[in-house]
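*Asks:* Just a sequence and a predicted model for now, questions to come.
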Amino acid sequence: LDASKSGSEFLYLLDRGIAPLVVKEDGLFFLSFNFHDKIPGKIAWALSSTDPQAKDCEHPLDLPIFKDGSSSNKDAIKQLRAIIDESSSSQGGGYKSFQSA
């Protein structure tokens with residue numbers, strides 16, 4: 001995710017230290033990283049889920065927590081959705097790195 005590009009809504013993450021966004025919600029764990037010394041402005045992230053349905057998901061947004069609206073922290077889920085959407089679109093419209101265990 002390029003947080004430093006013009007007009008990025010994620011620019012604020014660059015000023016929040018090495019792990020600017022951590023979310024643990026309803027069996028989902030999301031962690032972002034801001035430490036790439038050779039490519040400034042890049043935010044990397046990792047997502048893990050204990051939901052048994054995760055093994056059938058091809059894209060992070062296929063996880064039930066993003067589809068069913070049952071999360072108690074709707075703001076955090078909305079923010080994660082925006083980050084995943086932005087990452088997907090910056091890779092040519094297809095998210096290529098999701099692997100379910």
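*Replies:* The structure has been received and is ready for your questions.

*Asks:* Okay, helices next: where are they in the protein?
*Replies:* 64-67, 74-90 (DSSP state H).

*Asks:* give the contact list for the nearest residue to P40 once chain neighbours are set aside.
*Replies:* Distance criterion CB to CB, 6 or more residues apart in numbering; nearest residue to P40, sequence neighbours excluded, is S4 at 6.6 Å. Yep, even glycine has a C-beta here, placed from its N, CA and C like the rest. S4 makes contact with L11, L14, P40, G41, K42 under the criterion CB atoms under 8 Å, 6 or more residues apart in numbering.

*Asks:* Could you check how far S4 is from S71?
*Replies:* 29 Å (CB to CB, to the nearest Å).

*Asks:* What residues sit buried inside stretch 51-62?
*Replies:* D51, A54, C57, P60, L61 (16 or more other CB atoms under 10 Å).

*Asks:* May I see the residues you listed arranged in CSV, with distance to K67 and pLDDT as well?
*Replies:* Output for these, formatted as CSV (distance: CB to CB, whole Å; pLDDT from 0 to 100):
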residue, distance to K67, pLDDT
D51, 11, 88
A54, 12, 87
C57, 10, 87
P60, 11, 88
L61, 8, 89
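
*Asks:* so which of those comes closest to N34?
*Replies:* Nearest to N34 among these: P60, at 19.3 Å, using CB to CB.

*Asks:* Does that closest one touch L47 like I think?
*Replies:* Yes - with contact defined as CB atoms under 8 Å, P60 reaches L47; the gap is 5.4 Å.

*Asks:* Spit out the residues that contact those two alike.
*Replies:* Counting by CB under 8 Å, 6+ apart, the residues touching both P60 and L47 are I84.

*Asks:* pLDDT weak spots in the protein?
*Replies:* 37, 90-101 (pLDDT under 70).

*Asks:* residue furthest from the geometric center of it?
*Replies:* Ranked by distance from the centre of the chain (CA atoms, centre = their mean), the top residue is K38, with 21.4 Å.

*Asks:* how far away is that residue from A3?
*Replies:* 15 Å.
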